[in-house]
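Student: got a structure for you, letters missing:
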């Protein structure tokens, strides 16, 4: 995926400006930034749910001009249809033209992967929030998207279920290495999941641009207590305006790219 000179304005207000980013196939990118920095706006542009005021977004050198079948989105809320069972909700993600037998097999496969095999016939009201979000993840992945877009998908979950969903995402990604763009406010989540962290920084009157791109050290799965992650966490929090007292920032070598 490639973004070149992407800008999004709403009337006289510019939200995003001069966004340039290359995302290699199979990489997990985390978008972080203060509230109002344009993270979800950028995700909507990538998903084809909105169009940039200037610039372009392409996948495999083909532009995104509208809702794109190469992408799938998981939102903060599961957004399951209450009148369909879990299997029926997952089946909504199947590509158009999928045969009945092939579709049923794909749904069973993904329910098994996300640990919901025994709940296929349950309606959404009968399952927990964590299970509902697993169903939403299966619905997105059943279409085998080239790009998986996650808009704070675990933010509404309690701490334990959030950790479980992060581990599940890593397990799924190890089997189906789709490209992932994750919007999150959780710095620790970004450090555990992402290959690179893209920091969006607003500039008064000009909108947000990419302030820095950080390479996350170490292969996944990562130890959350890794000192390198702790140092990078301190750097990110400092850039976000919430420095940790006494924390040592990461060495500058961890900054992959800085856009001025």
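Tutor: Structure received. Being a predicted model, the structure only gives us computed values, none of them experimental.
Student: only C-alpha atoms for contact and neighbour calcs from this point on.
Tutor: Noted.
Student: so who does the nearest residue to residue 15 once chain neighbours are set aside touch?
Tutor: Once flanking residues are discounted, residue 15 sits nearest to residue 207: 4.5 Å by Cα to Cα, 6 or more residues apart in numbering. Taking Cα atoms under 8 Å, 6 or more residues apart in numbering, we find residue 207 in contact with 13-17, 37.
Student: those residues into CSV, with extra columns for pLDDT?
Tutor: Formatted as CSV, these follow (pLDDT from 0 to 100):
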residue, pLDDT
13, 92
14, 94
15, 94
16, 95
17, 94
37, 91
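Student: quick check: domain ranges of the chain?
Tutor: As given by automatic domain parsing, the domain ranges for the chain are 2-70+145-257, 81-144.
Student: worst average pLDDT in those?
Tutor: Ranked by mean pLDDT, these end with domain 2-70+145-257 at the bottom, a mean of 89.
Student: dihedrals phi and psi, residue 197?
Tutor: phi -120, psi 120 (degrees, to the nearest 10).
Student: pick out the residue nearest the middle of this structure.
Tutor: residue 182 (1.9 Å; Cα atoms, centre = their mean).
Student: any idea which element it lies in?
Tutor: Residue 182 is part of strand 179-183 when elements are defined by DSSP states H and E.
Student: how about residue 16?
Tutor: If you go by DSSP H and E, residue 16 is part of strand 13-22.
Student: swap in residue 232?
Tutor: Using DSSP H and E, residue 232 sits within helix 227-239.
Student: check which helices and strands that helix is in contact with.
Tutor: Contact analysis of helix 227-239 by 3 or more Cα pairs under 8 Å, 6 or more residues apart in numbering; DSSP states H and E lists helix 187-193 as its packing neighbours.
Student: what does the helix it packs on contact?
Tutor: Contacts of helix 187-193 (Cα under 8 Å, 6+ apart): 28, 30, 32, 166, 170, 184, 197, 216, 220-224, 229, 233, 236-237.
Student: need the buried ones from the residues you listed selected in PyMOL.
Tutor: Of those, the buried ones can be selected in PyMOL as follows, counting by 16 or more other Cα atoms under 10 Å:
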select buried, resi 28+30+32+166+170+184+197+216+229+233+236+237
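Student: show me where the stretch 101-250 of the chain has helices.
Tutor: Assigned by DSSP state H, counting those that start in this stretch, the stretch 101-250 of the chain shows helices spanning 129-141, 159-175, 187-193, 227-239.
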